[in-house]
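Engineer: Take a look and give me a structure for this.
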Amino acid sequence: MRQPTDITPLTFLDYPHKAACILWYSGCNLRCPYCYNPDLALDKNPAIRDVIPFLRERRDFLDAVVISGGECTLNPDIRELCTRIKALGYLVKIDTNGSNPAVLHDLLDAGLIDYVAMDHKMPAARSWKIRGGVLFDRFSECMRLLTGSGINFEVRTTVHPMLLDEADILQMIRESVGLGYDQTYYLQYFFDAGKTLGNLPPPSRRYDRGLLDERSPLPIGYRNFPEDRFKY
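Structural biologist: Take a look at the predicted model:
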């Protein structure tokens, strides 16, 4: 079974209301310029030790396991991985870019995942220009699977003003509503961690959150926005 390239041993932020760890898998089929872990995306990180003994030892401390990346659904052993994690009594969450509906369908059909965080990368019109609409079509199919699954899931977008403006964001939220999404839509502000896949500079302006909140058909959850970082 393919092993992750890194483990975050404890997080209270990545699985709602649960203590979790994160298994990071390398390799990705997209090249997002804001990606702050280029070695992970480009599959340059070596695998670590067998993760199952680590999880077995922490069953009294953790509630859930988050499988992330890169793009974790590219892992050919993801079904086996989820099966073994579930056998240990954990909840399983996957973070995905929504590009592999066949893998998502398999995991949902087998009852191997409990929560999904799915990225909406760009408006449909831009997807057609850049990737012939393939990414949006696959995202749409994943949305159909998730809305019919009965499990908890969220849709989110990493935002940087150089890449997406307020009109883009509102369009993406409306697209998600049109596909049946009716929960909080999460915006994750670009995290300036130094080197990124596209060598993006720090944002030069802030988003107009008043405009977004007023015009969005869904409630918006803001993550890592500069004006919120020092609120207590």
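Engineer: going forward, measure contacts and count neighbours with C-alpha atoms only.
Structural biologist: Fine.
Engineer: In this structure, which residue is most central in space?
Structural biologist: Centroid check for the chain by C-alpha atoms, centre = their mean gives Asp95 as the closest residue, at 3.8 Å.
Engineer: Retrieve the pLDDT associated with the residue nearest to Tyr115 when sequence neighbours are not counted.
Structural biologist: Using C-alpha to C-alpha, 6 or more residues apart in numbering and skipping residues adjacent in sequence, the residue nearest Tyr115 is Lys93, 4.6 Å away. With respect to pLDDT, Lys93 scores 98.
Engineer: Over to Phe230?
Structural biologist: What the model reports as pLDDT for Phe230 is 47.
Engineer: do Asp39 as well
Structural biologist: Looking at Asp39, the pLDDT reads 85.
Engineer: In terms of helices and strands, where is it?
Structural biologist: helix 38-41 (DSSP states H and E).
Engineer: need the next SSE after that helix, C-terminal direction.
Structural biologist: Next helix or strand after helix 38-41 toward the C-terminus (DSSP H and E): helix 51-57.
Engineer: what sits against Val134?
Structural biologist: Shown in contact with Val134 (C-alpha atoms under 8 Å, 6 or more residues apart in numbering): Ser127, Trp128.
Engineer: what about the residue nearest to Tyr115, which SS state?
Structural biologist: With DSSP: H, G, I helix; E, B strand; the rest coil as the basis, Lys93 sits in strand.
Engineer: next structured bit after the lengthiest strand in the chain?
Structural biologist: When the chain is parsed with DSSP state E, its longest strand is strand 152-159. Tracing the chain past strand 152-159, the next element assigned as helix or strand by DSSP H and E is helix 166-178.
Engineer: I'd like the average pLDDT over that following helix.
Structural biologist: For helix 166-178, the per-residue pLDDT values average out at 98.
Engineer: which strands and helices sit next to the helix or strand just after it?
Structural biologist: In the C-terminal direction, the helix or strand that comes right after helix 166-178 (DSSP H and E) is strand 185-189. If you count contacts as 3 or more C-alpha pairs under 8 Å, 6 or more residues apart in numbering; DSSP states H and E, strand 185-189 packs onto strand 152-159, strand 220-223.
Engineer: Put together TSV for those, with distance to Phe136, mean pLDDT and mean neighbour count on each row.
Structural biologist: Written out in TSV, the entries for the helices and strands packed on strand 185-189 read as follows (distance: least, C-alpha to C-alpha, whole Å; pLDDT from 0 to 100; neighbours: other C-alpha atoms under 10 Å):
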stretch	distance to Phe136	mean pLDDT	mean neighbour count
strand 152-159	13	97	20
strand 220-223	21	96	15
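Engineer: Just send the ones you listed back as a markdown table, with distance to Asn75 too.
Structural biologist: A markdown table is the format used below for those (distance: least, C-alpha to C-alpha, whole Å):
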| stretch | distance to Asn75 |
| --- | --- |
| strand 152-159 | 21 |
| strand 220-223 | 28 |
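Engineer: nearest to Val51, of the ones you listed?
Structural biologist: strand 152-159 (24.9 Å; C-alpha to C-alpha).
Engineer: Ranking helices and strands of this protein by mean pLDDT, which lands last?
Structural biologist: When the helices and strands of the chain are scored by mean pLDDT, DSSP states H and E, helix 124-131 comes last with a mean of 80.
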